[in-house]
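Undergrad: Generate a structure from the sequence data that follows.
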Amino acid sequence: MAASLATAALYFRVGLESGVLQADQARAWAIAEIERMDEPPGEMIDISWQQPLAQLIADLKAVQGEGDPDLACRALLGVLREHMQSADADLDSTLLKAMMVTSMFEFTDRFDTFNSIDDQLQQAVCGTFGTVQECREDFDNAMKEDASAALAW
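TA: Here you go, the predicted model:
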């Protein structure tokens, strides 16, 4: 299923604000969308330009339509889940990004899940309770429930 322009813009805006995505990814998406359109809207053209991050975020906010926050959130969590598969992935920073994403979308239940895992991780690191591996497993289980495969934008 193809996501709407508004949902994709929401995905990129929150992704940029949370540090999950990079500006070049949003620009590449805009350029690909422009190439498919006969008459692209001005905000799409603005997104494709090299500009400061704050302006790029403002242009993403200007995309018309109603975005699907659940779909955008799940897709961003999917990016984080994929990131955790790499050998250099840091659970602490990935958890913080997951909390930021879910907080920005105001998904309290999802935020609380990641916050709880973060609390457990801090205890494991201090040697108070549990292990980092258990926290990784809890994070992976939470992501299986909340993350979707990265969508093709």
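Undergrad: Name the single longest helix found in this protein.
TA: Scanning the chain for the longest helix, with DSSP state H as the assignment, gives helix 108-126.
Undergrad: buried residues in it?
TA: Residues of helix 108-126 classed as buried by neighbour count (16 or more other C-beta atoms under 10 Å): R110, F111, T113, F114, N115, I117, D118, Q120, L121, A124. Using the backbone N, CA and C atoms, a C-beta is placed for each residue, glycine as well.
Undergrad: All the helices of this protein, residue numbers only.
TA: Applying DSSP H to the chain gives helices spanning 5-18, 23-36, 42-48, 53-61, 69-83, 91-104, 108-126, 132-146.
Undergrad: Quick check: the nearest residue to H83 once chain neighbours are set aside vs G127, distance?
TA: Counting by C-beta to C-beta, 6 or more residues apart in numbering, H83 lies nearest to A89, which is 5.5 Å off, once chain neighbours are set aside. Distance, A89 to G127, by C-beta to C-beta, to the nearest Å: 22 Å.
Undergrad: of these two, who's got more company?
TA: The neighbour comparison of A89 against G127 (other C-beta atoms under 10 Å) goes to A89, with 14 against 8.
Undergrad: could the buried residues of helix 108-126 go into CSV alongside distance to L60 and pLDDT?
TA: As requested, these are exported to CSV (distance: C-beta to C-beta, whole Å; pLDDT from 0 to 100):
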residue, distance to L60, pLDDT
R110, 22, 95
F111, 22, 97
T113, 27, 96
F114, 24, 97
N115, 27, 97
I117, 29, 97
D118, 28, 97
Q120, 34, 97
L121, 32, 96
A124, 37, 96
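Undergrad: got the residues you listed as a markdown table, with distance to L5 columns?
TA: A markdown table is the format used below for these (distance: C-beta to C-beta, whole Å):
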| residue | distance to L5 |
| --- | --- |
| R110 | 25 |
| F111 | 27 |
| T113 | 30 |
| F114 | 28 |
| N115 | 32 |
| I117 | 33 |
| D118 | 34 |
| Q120 | 39 |
| L121 | 37 |
| A124 | 42 |
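Undergrad: Show the contacting residues for the closest residue to E134 other than its chain neighbours.
TA: Closest residue to E134 apart from its sequence neighbours, by C-beta to C-beta, 6+ apart: A124 at 6.9 Å. Contacts of A124 were listed using C-beta atoms under 8 Å, 6 or more residues apart in numbering, and they are G130, T131, V132, E134, C135.
Undergrad: okay, the fourth one: pLDDT?
TA: Read it as E134. Per-residue pLDDT puts E134 at 95.
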